[in-house]
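Participant: Predicted structure and sequence below. I'll ask about it afterward.
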There are 2 protein chains.
Amino acid sequence: MNAQFKKGVLELCVLSQLALKDQYGYELTEAISQQLTVATGTLYLILRRLKEDSYVDTYLIESSNGPARKYYKLTDKGKTYQTDLKAEWLDFIEKVAILI
Amino acid sequence: MNAQFKKGVLELCVLSQLALKDQYGYELTEAISQQLTVATGTLYLILRRLKEDSYVDTYLIESSNGPARKYYKLTDKGKTYQTDLKAEWLDFIEKVAILI
DNA sequence: CTATCTATGTTGTTTTGCAACATAGTATTT
DNA sequence: AAATACTATGTTGCAAAACAACATAGATAG
């Protein structure tokens, strides 16, 4: 899969998945991997960026079958960002459709 | 406009524009700028890459109002690449649509 | 006790677009 | 003649983001 296509869009995918419900990193990796190939480390980089920019908050929950899970939750700022970024994406692919 | 969204897609836009007809750099810049904001230097970098990879050939034509124009023409390899890349793009945005 | 699955994280590399700058021919205005 | 603007091509340094590879660690099955 063309790695360049994903630039910026993976972030939107993560935000949109978190808009559905709080999820932990590994869970997100599996959800997104059903559609797109993505390196495991990449998701954690995106999540760290999102937290640094206050788009998400995190909380730990114990797991019965492995290490504790770090859940990610959209902040209000994150919800706004997700809405804006999605609109920008839809506008973008429309304009590309005209060109190609 | 989100610069990251463009990664890889600008190349497809250039290839698709050249699939319509041979064009010179400045002409391509104006055509693509009608839909997407793009720095002038960026187009020339893409065109150089495409030539290095033998996706396009070039030829010079004199101009009556300015310097000579370097026209870019898709090679057979370039046509195949354009078709494949377009299919990959359409598949990609479909998968993103499921996630967001 | 070794392998496997779950789970999170770091580091170095590569690709690509952007801003800024450089060059140059032609035409128009001052 | 000089300055400005438009057309046209190109280079350089920088920043963003994904990838591959690696590191860590708890729980469980063989």
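Facilitator: Perfect, I can see it now.
Participant: In chain A, mark out all the strands, start to finish.
Facilitator: A:23-24, A:56-61, A:69-74 (DSSP state E).
Participant: The last one near DNA strand C anywhere?
Facilitator: Yes - using Cβ under 7 Å from any atom of the strand, we find that strand A:69-74 touches DNA strand C at A:Arg69, A:Lys70. (Each C-beta comes from the backbone N, C-alpha and C, glycine too.)
Participant: As TSV, the strands of chain A with distance to chain B, mean pLDDT and mean neighbour count would be great.
Facilitator: Output for the strands of chain A, formatted as TSV (distance: least, Cβ to the nearest Cβ, whole Å; pLDDT from 0 to 100; neighbours: other Cβ atoms under 10 Å in any protein chain shown):
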stretch	distance to chain B	mean pLDDT	mean neighbour count
strand A:23-24	12	96	18
strand A:56-61	16	96	14
strand A:69-74	14	96	18
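Participant: do you know which of those lies nearest B:Thr40?
Facilitator: Judged by Cβ to Cβ, the one of the strands of chain A that comes nearest to B:Thr40 is strand A:56-61, at 37.2 Å.
Participant: residue in chain A nearest to DNA strand C?
Facilitator: Closest approach between chain A and DNA strand C, counting by Cβ to the nearest atom of the strand: A:Gly41, at 2.4 Å.
Participant: Count the neighbours of that residue for me.
Facilitator: 9 (other Cβ atoms under 10 Å in any protein chain shown).
Participant: what sits against A:Gln34?
Facilitator: Counting by Cβ atoms under 8 Å, 6 or more residues apart in numbering or on different chains, A:Gln34 touches no other residue.
Participant: If we use 10 Å, what do you get?
Facilitator: B:Lys95, B:Ile98, B:Leu99 (Cβ atoms under 10 Å, 6 or more residues apart in numbering or on different chains).
Participant: TSV please, covering those and showing pLDDT and distance to chain A.
Facilitator: Listed next are the contacts of A:Gln34 as TSV, based on pLDDT from 0 to 100; distance: Cβ to the nearest Cβ, whole Å:
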residue	pLDDT	distance to chain A
B:Lys95	96	4
B:Ile98	96	6
B:Leu99	96	4
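Participant: Would you mind measuring from the spatially most central residue of chain A to B:Ile32?
Facilitator: Residue closest to the mean C-alpha point of chain A, counted by Cα atoms, centre = their mean, is A:Val14 at 1.2 Å. Distance, A:Val14 to B:Ile32, using Cβ to Cβ, to the nearest Å: 29 Å.
Participant: same thing with A:Tyr55?
Facilitator: 31 Å.
Participant: same thing with A:Glu52?
Facilitator: 33 Å.
Participant: Quick check: which ranges of chain A have low pLDDT?
Facilitator: Within chain A, no range satisfies pLDDT under 70.
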